[in-house]
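Colleague: Build the 3D model from these lines:
(chains A and B)
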Amino acid sequence: MNGEYSLDTTEGMAASGDPPTNNAVDDYDAEEALERQREEENKIKIKLKSFEGGVYECGLTAAKMSVMVANMLDALQETDLTKIATREPIPLQNDAVTNKALEKIVEWVDHHWDDPPIDPDFDDEKERRNEELSHWDKQFIDIADQGELFDIIAAANFMDIKGLVEVGAKHICNKIKGKSCTEVREMLKIHNDFTPEEEAAIHKENEWIYAKD
Amino acid sequence: MDQSSGDQFKHKRAMMSTNDMNGTHEEYPKDSLDRFGDDLCGLVLSYLSLKDSFRYECLSKQWRRSIHRKRHNLVMNSCLPKTDHYIDVERMDSQIFSSVVKKLPNITRIEITVKSEATERVFEVLMKSYKHLKTIKVWFCGRNDTQIANRLFETYGSRMTQILVPSTPVLKVFKRYTNYTKLTQLSSYGGALLELRDIFNDNNELLFKGLTAFQCNYTPNDNNLKLLSTFVSHYKNSLKTLDISIYNLLSDHYIQSLKVLSELKALRGLTFRTNLFKTNHYLIDYHCQEFVNQWPQLKRYQLIITIQSVPQLRLLLESFNRKKGLRHLSLLLRLEYWIISSEKCWDLSLNSLSGLKRLQHLDIDFDSVVVNPGFFYAIDTYLPRLMTLRFVSMTEMSAGIKESVERLPKLAKMSSNGQSISGEKYAKDSIDRYGDDLCGLVLSYLSFKENFQYECLSKQWRKSIHRKQHILVVNTFPSGHSKHHYLEVDRMVGPKEEDRMDLPAVKSVVKKLPNITSLEITVILETTERVFEVLMKSYKHLKTIHRTYGSRMTQIDIPRYLVPVLTRYINSYAKLTQLSYCGRIHLKLNDLFNGNHKLVVKGLTGFECSYYDSEDTLDCFVVDYHCNEFFYQWPQLQRYELEITYTTVPALRRVFESVNGMKGLRRLRLIFRLVFRTSRIHLDIDFDDLLISESFFEYIHIYLPRLKTLRFRAQLEMSAGVKESLERLPKLELFEFSNDKHKPYQIIVIPHTY
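Modeller: Predicted structure coming up:
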């Protein structure tokens, strides 16, 4: 589970690595200092270039929510962060990263860059699976054009932005809920590659889910 | 996606491994989920509920392959209300269960509520199937399962990581064993609380050394303080969460205990329950001034207290402010009964919590206190990170409060007094919970006009309301359908301009009705013809077309004067199955033949014609034949319609009685003179001007016990006697009656005696 949220720990946040003996007050102050640093860093704008060539500006801390971008920036070994701003835009070489998708992704990380990290002290925070999406996220991800929605999810996955993939996944699964298989196939445009016999066999296999008491 | 292109990438898909990092493949449409590789697909689908993940296995091979791949958590049974997120294993066949487990290879966390021996067997299957579980959480249920608990603790205790015990008997069983090497969380629920001494043996030695979470009750006992010291000195650097209840302690003992507890430096979550503040003001002062300062490291704090007066509340609320690092705060207040209910606290405000900039979850239960509507004012400034908010009080939820709360940028959930203020889960009593298919099916029972009227109700309605409409009726004769059920296009030539329906309008209607397979159209004017052309172009797969002309037509009702036109093109009616007349003149049998006496329409399953050239009255010979022979030749008939003119009343009676020989009849229609064709009448007797005695109906319920509809015309007074007779018909739904051949039928309500 920890691996799944490596995003937060790679940014050196929180008490994850701290020994439990750490003075708690320092803990809080350290966090505070780190937060201020993140805030400052986010004022530095970097440029991201979509697969279609569009260039979008994004705060540094926000951009680093993409593990891929963070790794690329690390590889630059640039100590003076302000110089990053003047560099060439970072190209995102995946056809899902369209102009529209990248614009939305920048909007998302701009809203979420100051989210508190996962708290390793509590089991239930390792698992955000069952948490409902915030209103903002719901509005953000309610995109009429399904192709665009899938672009965003695929692009976020490519850029390794766990939180945004999660938002997309929850949105899709919420939409599926309660629908018949045919409806889901229709909605998500899934090609049924089963023969009718194969499909019937699967239904039989899963009869238990319809059991009533 | 059509079939051929689907086949094309069947091969492709087999060749591809996960393509997440390579991005998507152009072969798949952009808006199809098929474009995702197995990994991303599995990730997205891992957010489905457990049952849905099995339900949708059949969607495609990719789904079947990847849908369970990223599922790490498995919940068996639950004490919570039924959801789709766990498997109810109590009545599940073990073979089925094994096959379910086989499909879920990557489970690392199991949560199981032990209810019965069935659960025990499931537990064994799980333990054998999953060797690398990180978390095993076990709830024990009820009081009578100590034997099951005993077996489970004995065999699998060493693998359990979280245990919840409900009662002292199970706890006693639990304490028989000492093999809990992996146990990190121990708590109790229900009536009986774990006592601190329960985790010590008789020599006051600590039994469990690896806990990170513990819940216990701390009661007055001289020995307890010693145990607490032992506990704290062992756990000061490792215990993460503690839930402790302290009741009925003396003040000194209480403060001493709290000082000991404050040594727990690794503690991040504290739940604290006490009733002591109600008796001792000194204690609340201590709590607000000292205690809160000793736990700066807390991230979660829950306080469940009984207090004496409202001023204490303010003090408490402000004291929280010093725990700057708090992320979860929960304050559950219990007021002493003698405090006047609905106490008003106008000076309270969330301003008191403005130091808690990191707070994400806030849960306040003020019992019966009423706060100022301004309580929430500027909540988005004071608590900018709040994600969930629960608030209980006697305060009325005003628009102002809602507005303040909605300004919170990260809010996901807000509930007040048990009601969710936001959130989109569909209520059980909302039709929105239906999927489009079911929604469409339900709505297909609306009338044609209502379909359009309600389109605007929601996106889902708009999408699904026409989906199951298969019949389209264009124009109609006055009797056939109620006005709401058809599309009236002849109004296009109506007197008023605004009443007219133009072709684009018809086209837009047609576009909304993609699934029409049956069309019924009454051709009135040229405008109808144009509409007809639109329809023919739009619907390529119609199964039946009623009342119209052309090669695709399957049913034709045609007035006599058009027959020559019909016969002119008669060779082209390849799909015609029913041909009948409308208007007052019959088709004739020879209309089906061409000049060379050859049958031209060959696919008929229904035909309506007149055999006699003139509408002669029946002569006696015909009546005799009809009554004595004819009936017996049609024993298979279920519906019979007889339309004759008569000469004498006895002849009529004989015809009438002879019908009795057709025992299989379900629908009978007798018309003793020419009338318009009507439908849906089960028994229709038109005696014209004939005078009928009241006793005609006397035994109707015996003779015709299944009669549903009755239409009757004759010279007869509608007396109480007749009504009484009809009341005895158990199935009668509709009775239409006319006692004058110039007057229309009237519906007469017959109350059922049942």
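
Colleague: Identify the residue nearest the closest residue to chain A within the stretch 451-600 of chain B in space, chain neighbours excluded?
Modeller: Per Cβ to the nearest Cβ, B:Ser464 is where the stretch 451-600 of chain B lies closest to chain A, at 9.5 Å. To be clear about C-beta, it is placed using only N, CA and C from the backbone, and glycine gets the same treatment. The shortest distance from B:Ser464 to any non-neighbouring residue, by Cβ to Cβ, 6 or more residues apart in numbering or on different chains, is to B:Gly440 (3.7 Å).

Colleague: Helix, strand or coil: sort out the one you found for me.
Modeller: helix (DSSP: H, G, I helix; E, B strand; the rest coil).

Colleague: hey, C-alpha coordinates of the biggest helix by length in chain A in CSV?
Modeller: In chain A, assigned by DSSP state H, the helix with the most residues is helix A:24-43. Only the C-alpha atoms of helix A:24-43 are listed here, as CSV (Å, rounded to 0.1, in the frame of the first residue of the first chain):
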residue,chain,number,x,y,z
ALA,A,24,6.1,16.4,18.6
VAL,A,25,6.4,20.2,18.6
ASP,A,26,9.3,20.0,16.2
ASP,A,27,7.2,17.7,14.1
TYR,A,28,4.6,20.4,13.7
ASP,A,29,7.1,23.2,13.1
ALA,A,30,9.0,21.1,10.6
GLU,A,31,5.8,20.5,8.8
GLU,A,32,5.0,24.1,8.9
ALA,A,33,8.4,25.0,7.4
LEU,A,34,8.1,22.5,4.7
GLU,A,35,4.7,23.9,3.8
ARG,A,36,6.1,27.3,3.5
GLN,A,37,8.8,26.1,1.3
ARG,A,38,6.3,24.3,-0.9
GLU,A,39,4.3,27.5,-1.1
GLU,A,40,7.4,29.5,-2.2
GLU,A,41,8.3,26.8,-4.7
ASN,A,42,4.9,26.9,-6.2
LYS,A,43,5.4,30.5,-7.1
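
Colleague: now it: mean pLDDT?
Modeller: When pLDDT is averaged over helix A:24-43, the result is 79.

Colleague: count of neighbours near the residue nearest to B:Ser464?
Modeller: 21 (other Cβ atoms under 10 Å in any protein chain shown).

Colleague: again with B:Met718
Modeller: Using other Cβ under 10 Å, B:Met718 is surrounded by 16 other residues.

Colleague: Let me see the contact set for the residue of the stretch 451-600 of chain B closest to chain A.
Modeller: When contacts are counted by Cβ atoms under 8 Å, 6 or more residues apart in numbering or on different chains, B:Ser464 touches B:Asp436, B:Asp437, B:Cys439, B:Gly440, B:Leu443.

Colleague: what ranges do the helices span in chain A?
Modeller: Counting by DSSP H, chain A has helices at residues A:6-10, A:24-43, A:60-63, A:67-76, A:81-84, A:99-112, A:123-126, A:135-141, A:146-158, A:162-176, A:181-188, A:196-205.

Colleague: Give me the nearest residue to B:Leu386, chain neighbours excluded.
Modeller: B:Leu408 (5.1 Å).

Colleague: Does that neighbour belong to a helix, a strand or coil?
Modeller: Per three-state DSSP, B:Leu408 ends up coil.

Colleague: isn't it right up against B:Pro384?
Modeller: Yes - the pair B:Leu408 / B:Pro384 is scored as a contact, 7.4 Å apart, by Cβ atoms under 8 Å.

Colleague: In terms of neighbours, single out the busier of those two.
Modeller: B:Leu408 (22 against 15).

Colleague: So that one versus B:Met387, what's the distance?
Modeller: According to Cβ to Cβ, to the nearest Å, B:Leu408 stands 8 Å off from B:Met387.

Colleague: One more: B:Ile379?
Modeller: 13 Å.

Colleague: can you check B:Ile465 too?
Modeller: Applying Cβ to Cβ, the value for B:Ile465 to B:Met387 is 37 Å.

Colleague: For the residue in chain B that chain A sits nearest to, I want the exact helix or strand it lies within.
Modeller: When distances are taken as Cβ to the nearest Cβ, chain B reaches nearest to chain A at B:Gln297, 2.7 Å away. Assigned by DSSP states H and E, B:Gln297 belongs to neither a helix nor a strand.

Colleague: cool, and B:Glu520?
Modeller: Since the elements are taken from DSSP H and E, B:Glu520 ends up inside strand B:518-521.

Colleague: Okay, now the unreliable bits of chain A?
Modeller: A:1-27, A:123-127, A:211-213 (pLDDT under 70).

Colleague: quick one: the helices in the stretch 651-754 of chain B?
Modeller: B:700-703, B:720-727 (DSSP state H, counting those that start in this stretch).

Colleague: next one: the stretch 101-250 of chain B
Modeller: According to DSSP H, counting those that start in this stretch, the helices that the stretch 101-250 of chain B contains are B:117-129, B:146-156, B:168-175, B:222-235.

Colleague: Could you export these as JSON lines, including mean neighbour count, mean pLDDT and distance to B:His742?
Modeller: Converted to JSON lines, the helices of the stretch 101-250 of chain B look like this (neighbours: other Cβ atoms under 10 Å in any protein chain shown; pLDDT from 0 to 100; distance: least, Cβ to Cβ, whole Å):
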{"stretch": "helix B:117-129", "mean neighbour count": "17", "mean pLDDT": "85", "distance to B:His742": "77"}
{"stretch": "helix B:146-156", "mean neighbour count": "18", "mean pLDDT": "86", "distance to B:His742": "85"}
{"stretch": "helix B:168-175", "mean neighbour count": "19", "mean pLDDT": "80", "distance to B:His742": "88"}
{"stretch": "helix B:222-235", "mean neighbour count": "16", "mean pLDDT": "85", "distance to B:His742": "101"}
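
Colleague: Same list (the ones you listed) but as CSV, adding distance to chain A.
Modeller: Below are the helices of the stretch 101-250 of chain B laid out as CSV (distance: least, Cβ to the nearest Cβ, whole Å):
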stretch, distance to chain A
helix B:117-129, 13
helix B:146-156, 20
helix B:168-175, 21
helix B:222-235, 10
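
Colleague: for those, which one sits closest to B:Ile692?
Modeller: For the helices of the stretch 101-250 of chain B, the distance to B:Ile692 is smallest for helix B:117-129, at 71.5 Å, taking Cβ to Cβ.

Colleague: could you give the angle of that closest one to helix B:146-156?
Modeller: Helix B:117-129 and helix B:146-156 are oriented at 0 degrees to each other (axes from the mean of the first three to the mean of the last three Cα atoms, to 10 degrees).

Colleague: Now helix B:117-129 - C-alpha only, CSV.
Modeller: Provided in CSV are the C-alpha atoms of helix B:117-129 (Å, rounded to 0.1, in the frame of the first residue of the first chain):
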residue,chain,number,x,y,z
GLU,B,117,-19.7,-22.0,11.9
ALA,B,118,-20.1,-21.0,8.3
THR,B,119,-17.8,-18.1,8.8
GLU,B,120,-15.4,-20.3,10.6
ARG,B,121,-15.1,-22.6,7.5
VAL,B,122,-14.7,-19.5,5.3
PHE,B,123,-12.0,-18.3,7.6
GLU,B,124,-10.1,-21.5,7.2
VAL,B,125,-10.4,-21.3,3.4
LEU,B,126,-9.0,-17.8,3.5
MET,B,127,-6.1,-18.7,5.7
LYS,B,128,-5.2,-21.5,3.4
SER,B,129,-5.5,-19.4,0.3
